[in-house]
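[1] coords please:
(2 chains)
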Amino acid sequence: MQRIIKFYAYGHYLRLLTLILGFILILSFDSRLYAQNATFRAGASTSNITPPLGSGLVGNFGIPPPANYVHDELHARSLVLDDGTTKLVFVVVDNVGIIREVFDEAKRLIFEETKIPAAQILMSSDHTHSASSASGLGNLRGGWNAGMPLDDYQRFLVRRIADGVRIALNNLEPARVGWGAGNVPQHLFNRRWKMKNPVVNPFGKMDQVLMNPGIGNPDLLAPAGPTDPQVSFISVQSLKGRPIGILANYSLHYVGGVPKDHISADYFAVFANRIQELIKAEGQDPPFVGIMSNGTSGDVNNINFGATAEKHEPYAKMRIVANDVANEVLRVYQTIQYKDWVPLRAAQSELNLKVRKPDSEMLAYAQKVLSKPESETPVHRLEKTYAERTIQMNKWPDNVNVLMQTFRIGELGVAAIPFEVFTEIGLEIKAKSPFRSSFTIELANGSYGYLPSPEQHELGGYESWLGTNKVEKEASRKIVTEILNLFNQVKP
Amino acid sequence: MKRAFNFQKIMDCLFQLRLLSGIIILLFQFPSFAQQAVFRAGASTANISPSLGEGIAGGWMPLPLATHIHDELHARTLVLDDGKVRLVIMVVDNVELPREVFDAAKKLITEETSIPKERMMMSSTHTHSSTWAGHEINPPEPSMSIRTNSAGKYPKPLDDYQRFVVRRMADGVRIALNNLEPARIGWGAGTVPQHVFNRRWKLKSPVSNPFGVSEKVQMNPGIANPNLLEPAGPTDPQVSFLSVQSLKGKPIAILANYSLHYVGGVPKGHISADYFAVFADRLQELLKANRQDTPFVGIMSNGTEGDTNNIDFRGPVAQYPPYEKMKLVANDVAQEVFRVYQNIGYKEWVPLGAAQMELTLNVRKPDLQLQSWAGKAIQRVKPDHPMEKVFAERTIQMKEWPEKIDVIIQTFKVGDLGIAGIPFEVFAETGLEIKAKSPFEKSFTIGLANGGYGYLPTPEQHQMGGYETWMSVNKVEKEASRKIVTEILKLFTQVKR
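    Reported below is the predicted structural model:
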């Protein structure tokens, strides 16, 4: 400050000189020439977020079973990239789905501590089904809980996420960056099936589509949607070739198969460990960090409903899948080209979506279902659950603002959507993206349930049910449009 | 049915019933019965890394705040089960946990698992790169000592980090219990003399301490100080360990014990488990026990390290980049454990036992003369000794302590191996004395176990003075080490029966 004041005191000439200098400075900031002289850096970290035993494990219907065992620790995994002017932060958290309030608070803390703006931070849940709730406890989960004070685990998570980013920043070092994609089609199955005969849903209506219809169900007609076999990844290495981190993206709901009271990061952590082993990055200081982010997997899981049932020991299936995905990443990893510098950009917007609220007919139906005596045979086994959810949805506001975000990493585009996005939507974004390569991270920056396309809404099924789906049926259209807008804002 | 009939017949005769009970009791005590029981072991780690921004203990006030986690901190647990008795051995990455934290964890574990507290031996590693989990994490006054507030204000509600650690310790025991599997057990000891140095040196000419008294001994006197005469005490070069494997030979855990204060050398602001974790990782690597499901757990417990560190004061000065020295030491210790490990004999079953008592010790309180010195020293503008003010404050703080404290003295029997637990930073010579006089074939002592009450010099070392003997660094009567050794030997004899 003092120096600037002194400068101005010399009068006209210096003032003019400053102006010119300033102009040159501005110009050079914009030019690639300047930027390529800047050093590209990367740093990664893991931060432990394992909940205490006794915490309810969420991911399935019914009362969350209390955790009695930690099979593998849960983490918030961070990757920070820095092109000399812009830092981008990825955080992937081992959780089934984290609400916006928790992510926002973590971003606020990170900005306070590191001055990285929220728009440059992309946080997501990987959708492990063997972790405790970060979206409130009991009825708060799935309810409208914006403005509620964060609970113990949420506060712990916020602190740990922010610490993880600080640690990754401490680990920043000159790096080169590369990306690539392979294919692992054999583990992906669209879990929504068109049925020969319509099936009843919890609202007493008929659906054409059944989610997880049961293996070898004779009523199966055809899968209701596609899968996206691509596994994409970003790799950063030190200038000497030591692996710093790999952020992968694959559109698979999750692979669990853990005893019901086990805490685990499911197949996501197995992938991270396996890729570390494959690239011989063990025992490094700082440690290599493998990360598996979830793609657009709202309707894609690991169960082949058209085949015969297989039995696997606990944790065996996730190893098979994770190892195959890691092997494919390794295969492509060995061929990718690294760049010493690429430009980084971020853009985000708030998209206003209508909340899908029950009409009076649905509310009346819900009340009727809830007043049924226990002895009466339900029309659908989940009718009471969905009656409650119908009433819960009525308490939501009429509109919600959801975060839409895109990152540019050189020629690679990354989109972030706070829903469990259907695979067909992810494929559409990849096809229409202005980037040569791109992928979408789901459950990012918030968690508002499933995002079927309007066509899938027509077909019905679990993901389209009120309560499971929370926003207007046209939402996916608006989201794709907005993501493409934002891609265009950050593209080369 | 037939048995029930027989039983009914016996029930008819009171005398016969008594006889039967006698036989049953005899059977229970007789090894041949017990050997039919299955020996099991299970281990776990529980993550106890603190949040960034907390003060890192180990050095002097004001505490540097944590800005980075270099390696995660853990509570490492080994559970042994002979079919009748379960023993829990837990080692926590902390500089010195107070009894309150251990007690709270034990209470929770007893509630959740019914394991009585006498059968849990919990200790701190003495890493110097962990968050303080004593009473004053954020002392109201920066100059106030963090170390003297442990027993004085007991009981005091646990703070956030202490509660977190307690929960994790209890979870760690539950996880280790879940991991229990039929196991065989062995133990052994090697020697790693090259990394242990007695840090207390006798001097050619005495030096003044913060209390204005001349002393013959100086702690960490500086490398190649020309005033050095000789080390004031011995070191214990032994690294002892206990190994448990599955019946198929898969390593479950190794609990090691080496009498070395710590090896740090980490940048300021770094959270780290120091050399203790490097040892655990390196040993796992040597055993090719990476990526097991259930994971192998390596554990380094601290022995009797109060006067032993890793600095060769004879010189020359050696410079190491951060984390290098700890790797060097940990690798050598792991290598020696691995050497002996390959030759130890395993047993399918050994009897387990535990005994503990509460020993009442007089607290070392400042007399009137010392109090009046402290009162003056606090106000002195130009101190005679750089630490004068700190020790004046600490001296006054010692007044707040109760007259007496009860400390836990504990022993475990693992077959022919005896393990002692002492809640102090015990001097090497005390540890050597226990090893020599122990009724067990092999034994070792875990320091900072079940509490942390500072240094425990012998009466002879008190005579010579030096840091570890100073009021507040040492908190209990000068005869304490004698009483403790006597008590440990009694408990060893008791548990060996």
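[2] and residue A:363, what is it in contact with?
    Contacts for residue A:363 were tallied using Cβ atoms under 8 Å, 6 or more residues apart in numbering or on different chains; they are A:390, A:391, A:394. Using the backbone N, CA and C atoms, a C-beta is placed for each residue, glycine as well.
[3] Repeat the analysis, applying 6 Å as the threshold.
    With contact set as Cβ atoms under 6 Å, 6 or more residues apart in numbering or on different chains, residue A:363 has no partners.
[4] doesn't it fall inside a helix?
    Yes: counting by DSSP: H, G, I helix; E, B strand; the rest coil, residue A:363 is found in a helix.
[5] Which pLDDT does the model give residue B:36?
    pLDDT, residue B:36: 74.
[6] Please, which helix or strand holds it?
    Per DSSP states H and E: residue B:36 is located in neither a helix nor a strand.
[7] With just CA atoms, put the host helix or strand of residue A:268 into PDB.
    Using DSSP H and E, residue A:268 falls within helix A:266-278. Output in PDB follows, covering the C-alpha atoms of helix A:266-278 (Å, rounded to 0.1, in the frame of the first residue of the first chain):
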ATOM      1  CA  ASP A 266     -18.300 -49.700  -0.400                       C
ATOM      2  CA  TYR A 267     -16.600 -50.200  -3.800                       C
ATOM      3  CA  PHE A 268     -15.500 -46.600  -4.000                       C
ATOM      4  CA  ALA A 269     -12.700 -47.100  -1.400                       C
ATOM      5  CA  VAL A 270     -11.800 -50.500  -2.900                       C
ATOM      6  CA  PHE A 271     -11.200 -48.700  -6.200                       C
ATOM      7  CA  ALA A 272      -9.100 -46.100  -4.600                       C
ATOM      8  CA  ASN A 273      -6.900 -48.700  -2.900                       C
ATOM      9  CA  ARG A 274      -6.700 -50.900  -5.900                       C
ATOM     10  CA  ILE A 275      -5.600 -48.200  -8.300                       C
ATOM     11  CA  GLN A 276      -3.000 -47.100  -5.700                       C
ATOM     12  CA  GLU A 277      -1.700 -50.700  -5.700                       C
ATOM     13  CA  LEU A 278      -1.700 -51.000  -9.500                       C
END
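[8] elements contacting the very next helix or strand once past that helix?
    For helix A:266-278, the succeeding helix or strand toward the C-terminus, using DSSP H and E, is strand A:289-294. Secondary-structure packing of strand A:289-294 (3 or more Cβ pairs under 6 Å, 6 or more residues apart in numbering or on different chains; DSSP states H and E): strand A:243-250, helix A:266-278.
[9] so what strands line up beside strand A:289-294?
    Sheet pairing here is set by DSSP bridges, and for strand A:289-294 it gives strand A:243-250 (parallel).
[10] State the mean pLDDT of the strand it pairs with.
    Strand A:243-250 comes out at a mean pLDDT of 98.
[11] what about that strand, distance to the chain center?
    Strand A:243-250 sits 14 Å away from the centroid of its parent chain (Cα atoms, centre = their mean, to the nearest Å).
[12] Equivalent analysis for stretch A:256-272, please.
    Remark: stretch A:256-272 is offset 17 Å from the chain centroid, using Cα atoms, centre = their mean.
[13] residues making contact with it?
    Counting by Cβ under 6 Å, 6+ apart, A:65, A:67-72, A:74, A:94, A:126, A:128-130, A:254-255, A:290, A:292, A:312, A:314, A:317-319, A:321-322, A:325-326 sit against stretch A:256-272.
[14] which parts of that stretch are buried?
    Within stretch A:256-272, the residues that count as buried by 16 or more other Cβ atoms under 10 Å in any protein chain shown are A:256-258, A:261-272.
[15] and the gap between residue A:205 and residue A:185?
    34 Å (Cβ to Cβ, to the nearest Å).
[16] so residue A:294 sits right up against residue A:126, yeah?
    Yes: between residue A:294 and residue A:126 there is a contact at 5.3 Å, judged by Cβ atoms under 6 Å.
[17] which one of those two has more residues nearby?
    residue A:126 (29 against 26; other Cβ atoms under 10 Å in any protein chain shown).
[18] Taking the stretch 151-300 of chain B, what residue is nearest to chain A?
    Per Cβ to the nearest Cβ, residue B:171 is where the stretch 151-300 of chain B lies closest to chain A, at 4.4 Å.
[19] what number of residues lie near that residue?
    Residue B:171, neighbours per other Cβ under 10 Å, totals 29.
[20] any idea which helix or strand carries it?
    helix B:160-178.
[21] Tell me which residues are up against that helix.
    Identification of contacts with helix B:160-178 by Cβ under 6 Å, 6+ apart yields A:52-53, A:69-70, B:42-44, B:46, B:48, B:50, B:75, B:77, B:79, B:88, B:101, B:104-105, B:108-109, B:131, B:133.
[22] Cross the residues you listed against strands and list the overlap.
    Of the contacts of helix B:160-178, the ones assigned to strands by DSSP state E are A:69, A:70, B:42, B:43, B:44, B:46, B:75, B:77, B:79, B:88, B:131.
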